[in-house]
Each structure stands twice: as C-alpha cells, then as structure tokens.
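**Student:** Make a model of this:
(one chain, ligands or ions: 1)
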Amino acid sequence: MVSIESSREQWGSKIGFILAAAGGAIGLGNIWKFPYVMGQNGGAAFIAVYLLCVLIIGLPILIAEVLMGRTAQRNPVGTFKALTKNKMWRAVGGMGVVAGFVILSFYGVVAGWSFGYIIEAIKGSFFDYATPSAAGEHFNELTQNVYWITGLLGLFMGLTMMIVYFGINKGIERGSKIMMPVLFVLLLIMMFKGLSLEGAEEGLEFLFIPNWSKLTGLSVLEALGHAFFTLSLGMGAMMTYGSYMSKKDNVITASAQIVALDTLIALVAGVAILTAIFSTGQNPAEGPGLIFHTLPIVFTKMTGGYIFSIIFFILLSLAALTSSISLLEVVTSYFVDEKGMQRHKAVLLFGTVAFLCGVPSALSFNILSDTKIFGLNFFDLANFLASNIFLPLGGLFISIFVAYVWGFDKALIELKKGAEEIFEKRFWEIKFWKIVIKYFCPVLIFLVLLHSIGVLTMIINLFQ
Ligand code: PFF
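**Tutor:** Numbers count the residues shown, from 1 in each chain. Below you'll find the model as predicted:
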C-alpha cells in the first residue's frame, strides 16, 4: 500500500498550484460548454447570473474546498475523515468519486470529438464543408459512426489513464505553464477574428445586452450548475489539488486568481464563438455540437486558418486532458489512499470503468439515440446530472460542513496561514466569506436545487 504521506507531493511553487488548478478548471467547460449553454439560455442575462454565481457562490466554495484539502492533506473522503468523527460526511467525499465517473463518461466523448477534429483539421476537411449546413452535417456523420466516436473515447481515456498511471506532477505542472498561455493567445486571436466578421455586432448584442424575459428558473439552475462545473467544484477535485498545497501559500488570493483566469477564458471563448455564429447565420441554441459546427467555418475564413485549426483542436484536446486527469486522479487517490490499492491497478481498473460508463454516452449519438431515460439520452443525462445535481449538492454539503460541522473557529485558523495580510488589513473579506458560506450558499443552492425537484425524484427512482 502506498501511504498517503509517501505519495504526497507539494506543488513546486505557488504559481505551479495556480496553473495546475487553473489547468484542471479550464477545459471543455469553458470552450465547449459555456458557449452552447449560454446560447441555449438567451445569452447576456444568463451570463449575468452566471457571473453572480461564480462570485457569490463559486469563489467562496472554491476557497472552502482548497482550504479543507490543504488542512487535511488527503483525498476527499480522507479529508472528511480527518476533519470530523461523524462518519456520515465521508459519503459526501464518496459522492464526489461517483460524480467523477459521471463527468468522465460524457467529458471523454466530447474530448474524443476534439481529438477527431485534429485529424479532420489535418485532412483539411473544414474547407470541404465550409457552409453552416455542410459543417453540421459533417459533424453528424462523424458522430453517427460508432467506431469513430467510441474509438476516440477509448483513445482519450487511454491517454488520461497513461498520465495518471505515471503520475501527474511535473508533466502537468510544466505542461500547464506552456499550454494554457498558448491556448489563451489562440483564443484571443480567434476573438479578434470573430469581432472582425461582418454581422459580429449581433453576436455582441446577444452576449452583452440582457433580455431578462429569456431567463427561466431552469436557466438559473443551469448557471449555478455551470459555475460549479467550470470551476471543478463540489466533487473534491479542488480539495485534492489543495491537498498538495503548502501552508505558506495564500488560499484566498490563489482561489481568486483561478476564478479570474477561468472566467476570462470562458468570456473570450464566448465572444470568439458567438460572434462567429451570428455572422455565419447559425443558431446559438444548437446544443452540444455548437463549436464543432461553427469554429471550422471561422477557420476557413481566416488567414492561416489551416494551421490555426490544427493547433486549436490540439490545444482543446490538451485542455480537456488536463481536466480529465484531475477527474481520474480524484477516483484514483481515493482507492489508493483509502482502500490500499496500488496506483497502477486503480488507474487501469477505474479508467476502464470510466471508459465503459462513457460508451452509452457515445452511443447516444447513433444506435442509442432513441433510448431515453426521463426524456434524456445517456449523454444528456450524465451531463445534466453532473452539473445540475451532483456538483451543487456537493457544494451545499461542503458549505454546511465548513460552517456548522468543522466550524469557523478551526477553519479560520487554517485560512489565516499564508493569508495574514488579508486578516489584518481586509478583514471584511473574511467576514463576507463567512456570511456567504454560512447563509447564502446553503440557502441559495438549496433553492436552486428545489427547482430541479422533478429531476431529483427521477434520480431517486433511478437508483432504487
Ligand atoms: N472544470 C472542467 C471544465 O471546465 O472543463 C471540468 C471538470 C473537471 C469538472 C474536473 C469537475 C472536475 F472535477
């Protein structure tokens, strides 16, 4: 058995933690999911609610998660074990492990598309399908091919397993330092290209002029769910990353920097993609295939588009990989730390389980497209359950735990380590965090979850 202490490293530097955690947070959620969820929920009004959710709920919960992990220096289940004697709380860590599988099951499918699009980009296919309808049809043709979609899912899961198998330390920390800035620069270039397209103003209007009538209860639930998803909250991923953090580092500013980077990337991606959609006359509410229908067309319109398209899909795949690694790492670290499994066995076993869980999601686009559970196919169900139920529920429990079980007395002693200056000069920030964790988070998340009560009942039925 590998003991927790012997396998536990610390990030090489403060910036190492921020980049690795930002690498885990920034992924398909920012570039694939944010544009299409926002497109489906009316644009600007959704963005406003999303930003509020990120600031009022996301950031405080991120601080709480990282703090818990740093204090206990363990995996999520071990963290609850270390911080309270009450065994019930371990189930919250356990729920994170389950959520890890649920997320991997659809995340791997989309990451597989991204891998497949690297090949399409190299083949120059985008130039053969340069109109919106042709690009959409091409996407549908590819995803209807069972071998293409499951093969790429397998490839992606295989790569994720390989990296977690050999350890993620230097590779990911160093890799994130190079990849993230390149991805950002590329997105910026695409944003400017999008802005220069004819008809881009329509996209900007959609993004920045809110139409509140489009906002429904469900879109508020979506916004909160997406805030959790994009910041990797509520399932212990950030707890695990926080557990490798030094007590000399400032949890508050590090968390704020992660949130800022993640939000910025999502907004830049949003502008890049929505301007392109409106200028090419496409429908922003198209759903999960959105960026695969639209970006290829933008590439055909830009100078150097052939090369940029290859680089873009490589980077998107790598961004997905740095996030999926953090997902498999949560599952692996749990079985290694708590169940005494050897790391390589845990990785092979649970990576394979994650692949198998992903197969029904992959087949949702072809042979299982008519198989619906409560009106949703496997892919949509896993996607919905993860963001809208598991992660907010995890966040609800984490805030209740910090405020009422672990208690602020102990939490603040830990939070102060590395953040002495904030405690001295900007104590109102700490006060705000306490109030939010104690009252706002539990009440708001609970209310939003109530909205999905129908879905909750459905899940209970599902597991009975
Ligand atoms: N935050 C990742 C993204 O936006 O792509 C997705 C994710 C990774 C969610 C890890 C949860 C997680 F634990």
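**Student:** Return the backbone torsion pair for the residue lying closest to Gln144 once chain neighbours are set aside.
**Tutor:** Excluding the flanking residues, the one nearest Gln144 by CB to CB, 6 or more residues apart in numbering is Asn366, at 4.7 Å. All C-beta spots, glycine's among them, are computed from the backbone N, C-alpha and C. When quoted as degrees, to the nearest 10, the phi and psi of Asn366 stand at phi -140, psi -100.
**Student:** In this structure Asn366 contacts Thr143, no?
**Tutor:** Yes. If you go by CB atoms under 8 Å, Asn366 and Thr143 touch, sitting 7.0 Å apart.
**Student:** more neighbours, those two?
**Tutor:** Thr143 (22 against 15; other CB atoms under 10 Å).
**Student:** residues in the stretch 251-400 of the chain within reach of the ligand, list them.
**Tutor:** Selection of the stretch 251-400 of the chain residues close to the ligand by CB under 6 Å from any ligand atom yields 323, 326-327.
**Student:** Can you name the residue of this structure nearest to the ligand?
**Tutor:** Gly29 (2.1 Å; CB to the nearest ligand atom).
**Student:** what number of residues lie near that residue?
**Tutor:** Neighbour tally, Gly29, other CB under 10 Å: 26.
**Student:** show me what contacts Leu381?
**Tutor:** By CB atoms under 8 Å, 6 or more residues apart in numbering, Leu381 lies in contact with 373-374.
**Student:** tell me the SS of it?
**Tutor:** helix (DSSP: H, G, I helix; E, B strand; the rest coil).
**Student:** That one and Ala200: what is the separation?
**Tutor:** 35 Å (CB to CB, to the nearest Å).
**Student:** and if you look at Ala272?
**Tutor:** As judged by CB to CB, Ala272 and Ala200 stand 10 Å apart.
**Student:** now do Phe126
**Tutor:** 20 Å.
**Student:** Settle it for me: which of those two has more neighbours?
**Tutor:** The neighbour comparison of Phe126 against Ala200 (other CB under 10 Å) goes to Phe126, with 22 against 18.
**Student:** wait, what's in contact with that one?
**Tutor:** 120, 135, 296-297, 299-300, 305, 309.
**Student:** Got the confidence number for it?
**Tutor:** With respect to pLDDT, Phe126 has a value of 93.
**Student:** Quick check: closest non-adjacent residue to it.
**Tutor:** Pro296 (3.8 Å).
**Student:** that's a helix at that neighbour, yeah?
**Tutor:** Yes. Under three-state DSSP, Pro296 sits within a helix.
**Student:** pretty sure it contacts Ala134?
**Tutor:** No. Pro296 is not in contact with Ala134 according to CB under 8 Å; the separation is 9.6 Å.
**Student:** Please indicate which of the contacts of Phe126 has the highest neighbour count?
**Tutor:** Pro296 (28 neighbours).
**Student:** and the gap between that residue and Tyr306?
**Tutor:** 11 Å.
**Student:** hey, what's in contact with both of those two?
**Tutor:** Ala121.
**Student:** Check the gap between the most far-flung residue of the chain relative to its centre and Thr253 for me.
**Tutor:** Largest separation from the mean C-alpha position in the chain: Glu424, at 33.8 Å (CA atoms, centre = their mean). Shown here: Glu424 relative to Thr253, a distance of 14 Å by CB to CB.
**Student:** What of Tyr244?
**Tutor:** The separation that Tyr244 has from Thr253, given CB to CB, amounts to 17 Å.
**Student:** nearest residue to Val199 other than its sequence neighbours?
**Tutor:** Check again: residue 199 is Gly, not Val. Ser279 (3.8 Å).
**Student:** Now the one you found: phi and psi?
**Tutor:** Ser279 adopts backbone torsions of phi -70, psi -20, taken as degrees, to the nearest 10.
**Student:** and if you look at Arg426?
**Tutor:** Per degrees, to the nearest 10, the backbone of Arg426 is at phi -130, psi 60.
**Student:** Please apply the same query to Leu376.
**Tutor:** Dihedral angles for Leu376 - degrees, to the nearest 10 - are phi -120, psi 140.
**Student:** what do you get for Ile373?
**Tutor:** phi -110, psi 120.
**Student:** how about the nearest residue to it, chain neighbours excluded?
**Tutor:** Leu381 (5.6 Å).
**Student:** Kindly report the same for Thr143.
**Tutor:** Phe365 (4.0 Å).
**Student:** mind listing what the one you found touches?
**Tutor:** Phe365 neighbours (CB under 8 Å, 6+ apart): 143-144, 149, 379.
**Student:** quick one on the thing from earlier: per-residue pLDDT, the residue of the chain closest to the ligand?
**Tutor:** So Gly29 comes in at 95 (pLDDT).
**Student:** Over to the one 5 residues further on?
**Tutor:** According to the per-residue confidence, Phe34 scores 95 in pLDDT.
**Student:** Just the CA coordinates for the strand or helix carrying it, please, in CSV.
**Tutor:** Per DSSP states H and E, Phe34 falls inside helix 34-40. Extracted in CSV, the C-alpha atoms of helix 34-40 (Å, rounded to 0.1, in the frame of the first residue of the first chain):
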residue,chain,number,x,y,z
PHE,A,34,-20.2,27.7,-21.8
PRO,A,35,-20.9,29.0,-25.3
TYR,A,36,-23.6,26.4,-26.0
VAL,A,37,-25.3,26.6,-22.6
MET,A,38,-25.3,30.4,-22.8
GLY,A,39,-26.6,30.1,-26.4
GLN,A,40,-29.5,28.0,-25.2
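**Student:** Show me what that helix is packed up against.
**Tutor:** Where contact means 3 or more CB pairs under 8 Å, 6 or more residues apart in numbering; DSSP states H and E, helix 34-40 is packed against helix 44-52, helix 217-230, helix 251-279, helix 290-301.
**Student:** So which bits of it are buried?
**Tutor:** Neighbour-count burial for helix 34-40 flags 34-40 (criterion: 16 or more other CB atoms under 10 Å).
**Student:** got it, and stretch 393-409?
**Tutor:** Buried, per 16+ other CB under 10 Å, within stretch 393-409: 393-403, 406, 408.
**Student:** Just after the lowest-mean-pLDDT helix or strand in the chain, pick out the following helix or strand.
**Tutor:** In the chain, no helix or strand scores lower on mean pLDDT, DSSP states H and E than helix 4-7, which sits at a mean of 47. Remark: after helix 4-7, the chain's next helix or strand is helix 14-25, criterion DSSP H and E.
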